[in-house]
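Student: predicted model and sequence follow; I will ask about them next.
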Amino acid sequence: MLKYFKNKLNFLLEDITQIPDILQVKHLPSLNGLRAFSILYVLGAHFGFCIQNKYMNYVFGFGRLGVYVFFVISGFLITTLLLKEKITYGKISLKKFYLRRFIRIMPVAYLYLIILFMLCLIFKVSISSREFIGAALFLMNYDYFHHGTWLAGHYWSLSVEEQFYILFPFLLKANYKVYICFLICFLSIILLLKTFGRFYFFSPELKHFLLYNECINYFDGIIIGSLLAILIFKNLINFSFFTKYKLLLHMVCVPLLIIIFESHLPYFLVRLLFGFKTTLCAIIISILLISNLTTSNDKIFKLLNSKLMNTLGVMSYSIYIFNMMFTCNNFVPYTKAFPTYHFPIWLNFVLLISIAYLSYNFFEQPILKLKKRFEQY
């Protein structure tokens, strides 16, 4: 048994030289559909806050499961693209990688902050300069910057992603073996810190100088997504199994995700899974992702790849950026000064989708055309 695992580990550490058939396509199926479900989950949580609906709160929680799905997809997709680039061209262009990331993430992120700043001046909404700075510098996952804000609070997730991609592509470019070992070691450290460190490295007095729990709690989603891509490149995933039992897997995994992530479990199980909850959920999300990567005629695949879900998935980043303006939280007093707080939910939903549509098609798309100059795939 030990020899078997040693051989598998050695095989995993061998350089990747071929792109598997399933990843040969330029646009992977179902990813936009999964993004669409993720953003709808986030909106379900945020609109649930608006009306203080206990049933919506029970199912959707704080919406972070939806964000966590984005993390797993992001880790999987970015690793896939970088490995394909390395295999095809013999190297990874970090300059082009960061230009692509900048063009995709920054313009609309800063557009939102500029609009928010102007609206806060007009309606005298109290948001501290510290929070604006934290959002603008993608440091919102630090306790020092993330201080009870709502309208810019969702930048914690952008911060986690951007900080991850500052370091990890360098490692993948430099040495594949080092990258694998670093992923596994870093994941192990995260699990230990979450289990024993209670997010503050054993010292509550140092919490303002260390990563806030959004970083420690959610980096593992991106890591699991990245490891999933590597397993697929190594042909270690049995796609026929996931295709055969696809319906059963969805019937089990989707409710299980909500139950585990939102801690709807007996108390002793919540305590037992405390340090491993998000990592376990990332593995379950990976199972759902794998089962939808292969083209099929089943209803799940058709739904995920329908025109509506594809459109929502494409616009999901825009929707996520602007959603806080239209889902003002009843539990955050200062949002009452914001005008959309008084609108009915259906109107806020229509306004949100409309703003996201306009932003994506008339602001982001012209800028995204520049991104194609730096794309290898």
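Tutor: Okay, I see it.

Student: pull the helix or strand with minimum mean pLDDT from this structure.
Tutor: Lowest on mean pLDDT, DSSP states H and E among the helices and strands of the chain sits helix 267-272, with a mean of 63.

Student: so after that helix, what's the next helix or strand?
Tutor: Counting by DSSP states H and E, the element after helix 267-272 in chain order, helix or strand, is helix 277-291.

Student: so how far is the helix or strand just after that following helix from its chain's centroid?
Tutor: Where DSSP H and E defines the elements, the next helix or strand beyond helix 277-291 is helix 299-304. Centroid separation for helix 299-304 versus its chain: 21 Å, with CA atoms, centre = their mean, to the nearest Å.

Student: also stretch 342-350?
Tutor: When distances are taken as CA atoms, centre = their mean, stretch 342-350 is centred 26 Å away from the chain's centroid.

Student: could you export that stretch as CSV, CA atoms only?
Tutor: Provided in CSV are the C-alpha atoms of stretch 342-350 (Å, rounded to 0.1, in the frame of the first residue of the first chain):
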residue,chain,number,x,y,z
HIS,A,342,-36.4,51.7,0.4
PHE,A,343,-37.1,50.0,-3.0
PRO,A,344,-39.0,46.7,-3.3
ILE,A,345,-36.8,43.7,-3.8
TRP,A,346,-38.1,43.0,-7.4
LEU,A,347,-37.2,46.5,-8.4
ASN,A,348,-33.7,46.2,-6.9
PHE,A,349,-33.2,42.9,-8.7
VAL,A,350,-34.2,44.5,-12.0
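
Student: begin at 874 from here
Tutor: Okay, residue one is now 874; in that scheme the one you just asked about reads as stretch 1215-1223.

Student: now do that stretch, average pLDDT.
Tutor: Averaged across stretch 1215-1223, the pLDDT comes to 87.

Student: what residues of it count as buried?
Tutor: Residues of stretch 1215-1223 classed as buried: Asn1221, Phe1222 (neighbour count, 16 or more other CB atoms under 10 Å). The way it works is simple: take the backbone N, C-alpha and C, and place the C-beta from them, glycine included.

Student: give me the contact list for that stretch.
Tutor: By CB atoms under 8 Å, 6 or more residues apart in numbering, the residues outside stretch 1215-1223 that reach it are Leu916, Phe920, Cys923, Ile924, Phe1199, Thr1200, Thr1213, Leu1224.

Student: turn these into a markdown table, including neighbour count.
Tutor: Shown next, in a markdown table, are these (neighbours: other CB atoms under 10 Å):
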| residue | neighbour count |
| --- | --- |
| Leu916 | 22 |
| Phe920 | 21 |
| Cys923 | 20 |
| Ile924 | 11 |
| Phe1199 | 25 |
| Thr1200 | 26 |
| Thr1213 | 17 |
| Leu1224 | 15 |
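
Student: taking those residues, tell me the two that lie furthest apart.
Tutor: For the contacts of stretch 1215-1223, the farthest-apart pair by CB to CB is Ile924 and Leu1224; their separation is 16.5 Å.

Student: and the next helix or strand past the longest helix along the chain?
Tutor: Longest among the helix segments of the chain by residue count, using DSSP state H, is helix 967-996. Downstream of helix 967-996, the first helix or strand assigned by DSSP H and E is helix 1002-1009.

Student: what's the distance between the nearest residue in space to Gly1026 that is not next to it in sequence and Tyr914?
Tutor: Distances taken as CB to CB, 6 or more residues apart in numbering place His1019 nearest to Gly1026, at 6.6 Å, with adjacent residues excluded. Plainly put, His1019 is 21 Å away from Tyr914 if you go by CB to CB, to the nearest Å.

Student: quick one, phi/psi of Ser1179?
Tutor: Here is the backbone geometry of Ser1179 (degrees, to the nearest 10): phi -70, psi 160.

Student: and the closest residue to it other than its chain neighbours, how far from Leu1185?
Tutor: Of all residues not flanking Ser1179 in the chain, Gly906 sits nearest, at 7.3 Å (CB to CB, 6+ apart). For Gly906, the distance to Leu1185 (CB to CB) stands at 8 Å.

Student: how many neighbours does the residue nearest to Ser1179 have?
Tutor: 22 (other CB atoms under 10 Å).

Student: now do the one 3 residues further on
Tutor: Neighbouring residues of Ala909 were enumerated by other CB under 10 Å; the total is 23.

Student: quick one, what contacts the closest residue to it other than its chain neighbours?
Tutor: Using CB to CB, 6+ apart and skipping residues adjacent in sequence, the residue nearest Ala909 is Leu1185, 3.7 Å away. The contact partners of Leu1185, by CB under 8 Å, 6+ apart, come to Asn905, Arg908, Ala909, Ile912, Leu913, Ile1192.
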